[in-house]
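# coords below, sequence missing:
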């Protein structure tokens with residue numbers, strides 16, 4: 001057995017630390033159901049739930065009645081086996097009576113309270129033998145199964161588990177293959193308009209057969225042909241390196257040649273790599289064999305991350321040791337170490353090109369393309385193995401969102417499925433499906449009719465600027481918007497769908513990884529297209545400049561009488577009335593007109609009012625009648641002295657409604673902060689209560705937001721924090737920031 005305090009995968013540990021303190025048990029409680037998609041009867045499956053409460057105490061949940069109980073050695077009343085003289089931590093082969101048969105759990109459902117670092121264990125045939133130390137103090141927590149210990153009392157018992165945290169920022173959970181595969185598992189989460197599942201799609205036998213057919217010789221021995229268990233490579237004898245009392249196996253130095261090539265090459269050549277939101281890093285291996293890189297852009301610009309030596313194969317497989325080590329700027333160190341761990345496992349560090357330049361470590365199509373690589377992890381991402389090809393194949397598989405984590409801030413229910421989804425059809429709850437990758441690959445999320453801001457998309461697992469293809473049911477359409485709250489350029493995709501927004505067949509440019517908000521609606525319900533001024537096909541006389549309007553970007557300025565813009569190939573789907581809106585700014589006012597096909601169809605003049613400044617914006621509109629067809633749309637400066645951000649054309653009666661104030665659309669800056677932090681929202685939040693939590697979830701500052709949304713963080717030490725703001729309508733805003 002091994003002592004555990006419930007610290008699980010890299011992402012979940014971070015979430016548990018960062019996302020705030022847990023609340024009272026009643027708050028946020030949700031139903032958690034265990035579904036059985038295996039050939040085993042419910043009487044043959046046993047369930048236990050262990051975790052940590054809001055006060056940091058180790059607890060367990062009685063699945064039969066949902067009672068939350070502090071761990072105590074007094075529960076160690078079940079006699080377990082004594083293997084090779086191992087009588088357990090208590091010296092009497094007694095273990096916790098914390099398991100309940102699935103058949104004895106009412107409706108197979110228990111109530112999941114706020115709980116951190118939680119595991120839901122499911123074992124087959126008999127309970128597992130967990131030992132409870134206590135709720136707090138030392139020792140505390142519990143001793144978990146330890147497959148590396150030949151005398152562990154759980155030897156030979158088939159079991160699986162779900163990892164999760166449920167707190168005041170929502171539910172986070174995943175199926176995991178970081179340690180082993182023993183039996184297929186599934187996890188499905190529902191929230192306010194959110195529904196998503198993760199887990200395996202095949203039977204246990206089919207998974208084992210597919211694994212053997214898809215991994216090279218070195219990894220064949222990770223399969224136990226008797227039990228069907230597949231063990232993470234570094235936890236098998238063949239991949240041991242002789243350290244920590246182990247006997248060196250034939251593959252104990254599996255990654256050594258690759259790691260040596262990386263370290264040797266980048267002593268004399270700059271290593272430059274793109275790491276998603278973390279930014280671009282650049283640096284070299286120094287004379288002390290340390291990899292030292294500096295953020296060139298993104299969240300860690302100007303900060304230094306260090307890997308304090310050349311990692312071993314075991315460190316690379318498990319993201320430990322030198323790859324889990326705060327050296328100087330600890331947060332930046334850990335980010336760089338996580339990126340390198342993932343890059344080694346996926347074999348994406350270029351060691352063959354003489355001068356590689358900037359490398360994109362976030363191009364998933366390049367993962368696992370050469371040896372040595374973690375072919376165990378690769379397997380779980382193969383098509384047809386896991387839902388959306390996502391899985392936790394190693395500790396930092398959440399780098400570039402390849403993990404199986406589910407999250408929604410407003411969970412309503414959870415279902416864990418023992419046996420996974422073999423033989424089951426995926427749920428189809430929406431009329432449109434968006435995909436992370438081209439050709440309808442990668443993460444897929446089904447959306448019903450509705451309007452989705454960035455916050456609404458993120459609550460469903462759709463990231464900003466991350467949609468590459470989409471399918472749309474007959475009779476419906478999707479309008480993609482470049483910016484949040486349905487602003488910026490737009491693209492309407494009908495029931496033909498779009499297999500790759502890179503080569504957009506609709507002729508409106510590259511829309512891959514560009515959408516920030518969207519609408520799903522009946523095809524006949526509306527038509528709206530936004531024409532960005534700086535994206536016009538023809539510009540006569542105007543000048544591009546930086547724009548401070550909502551959404552930022554650029555506008556066209558220095559407008560003189562006679563200047564004009566033209567957008568080609570704009571289709572009006574039906575004959576009828578259309579609303580034309582001009583987004584303009586002017587210190588003293590002016591006059592604008594619009595037309596179709598170089599003045600062949602004029603729409604007349606509109607007066608631009610004096611807004612008080614070149615970047616003080618307003619919307620001017622007029623209604624016109626247009627016959628169905630495709631036209632070149634132009635605007636003309638009858639008089640100058642104004643700036644223009646965009647032109648929006650909408651079918652009358654379906655013009656874009658003003659977006660309601662959305663707390664989740666708030667922005668927080670600067671990040672990292674120095675002395676002050678400002679929360680910018682569409683609607684004023686003066687007087688809203690706020691809290692700042694440290695990385696342990698403990699409040700370190702609180703108060704009421706002043707007008708302007710700026711609070712002082714000057715007295716806070718350097719670190720990672722979470723700002724929590726309570727809106728008047730019950731919305732809860734959380735934003736991470738660094739200082």
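Received, thanks. None of these values were measured; they are calculated from a predicted model.
# pLDDT at the residue located most distally from the centre of the chain, what is it?
Ranked by distance from the centre of the chain (Cα atoms, centre = their mean), the top residue is residue 600, with 49.7 Å. Residue 600 carries a pLDDT score of 89 in this model.
# in stretch 177-197, what counts as buried?
With burial defined by 16 or more other Cβ atoms under 10 Å, the residues of stretch 177-197 counted as buried are 177-191, 193-197. To be clear about C-beta, it is placed using only N, CA and C from the backbone, and glycine gets the same treatment.
# for that stretch, how far is the first residue from the last?
16 Å (Cα to Cα, to the nearest Å).
# what do you get for stretch 247-257?
Start-to-end, stretch 247-257 (Cα to Cα) is 20 Å.
# also stretch 389-408?
20 Å.
# return the set of buried residues in that stretch.
Burial within stretch 389-408, assessed by neighbour count using 16+ other Cβ under 10 Å, is assigned to 389-408.
# again, but for stretch 535-546
535, 536, 539, 542.
# among those, which ones are in strands?
Among those, the members found in strands (DSSP state E) are residue 539.
# closest to residue 500 among the buried residues of stretch 535-546?
For the buried residues of stretch 535-546, the closest approach to residue 500 (Cβ to Cβ) belongs to residue 535, at 20.5 Å.
# how about the helices in this structure?
Using DSSP state H, the helices of the chain run over 10-18, 204-214, 217-220, 256-265, 313-318, 330-346, 375-380, 454-459.
# now these in a markdown table, with distance to residue 718, mean neighbour count and mean pLDDT?
Formatted as a markdown table, these follow (distance: least, Cβ to Cβ, whole Å; neighbours: other Cβ atoms under 10 Å; pLDDT from 0 to 100):
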| stretch | distance to residue 718 | mean neighbour count | mean pLDDT |
| --- | --- | --- | --- |
| helix 10-18 | 15 | 20 | 36 |
| helix 204-214 | 45 | 16 | 95 |
| helix 217-220 | 42 | 15 | 97 |
| helix 256-265 | 29 | 17 | 98 |
| helix 313-318 | 26 | 24 | 97 |
| helix 330-346 | 9 | 24 | 95 |
| helix 375-380 | 34 | 24 | 97 |
| helix 454-459 | 27 | 20 | 78 |
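# which one of these lies closest to residue 688?
Using Cβ to Cβ, these put helix 454-459 closest to residue 688, at 16.7 Å.
# isn't residue 199 right up against residue 387?
Yes: look at residue 199 against residue 387 with Cβ atoms under 8 Å: they come within range, at 5.8 Å.
# quick check: neighbours shared by these two?
186, 404, 421 (Cβ atoms under 8 Å, 6 or more residues apart in numbering).
# so which of those residues comes closest to residue 244?
Comparing the shared contacts of residue 199 and residue 387 against residue 244 with Cβ to Cβ picks out residue 404 as the nearest, at 29.2 Å.
# can you pull the phi and psi angles for the closest one?
The phi and psi torsions at residue 404 (degrees, to the nearest 10) take the values phi -100, psi 30.
# ok, now which ones touch the residue lying closest to it once chain neighbours are set aside?
Closest residue to residue 404 apart from its sequence neighbours, by Cβ to Cβ, 6 or more residues apart in numbering: residue 198 at 4.0 Å. Listed by Cβ under 8 Å, 6+ apart, the contact partners of residue 198 are 174-175, 186-188, 386-388, 390-391, 404-406.
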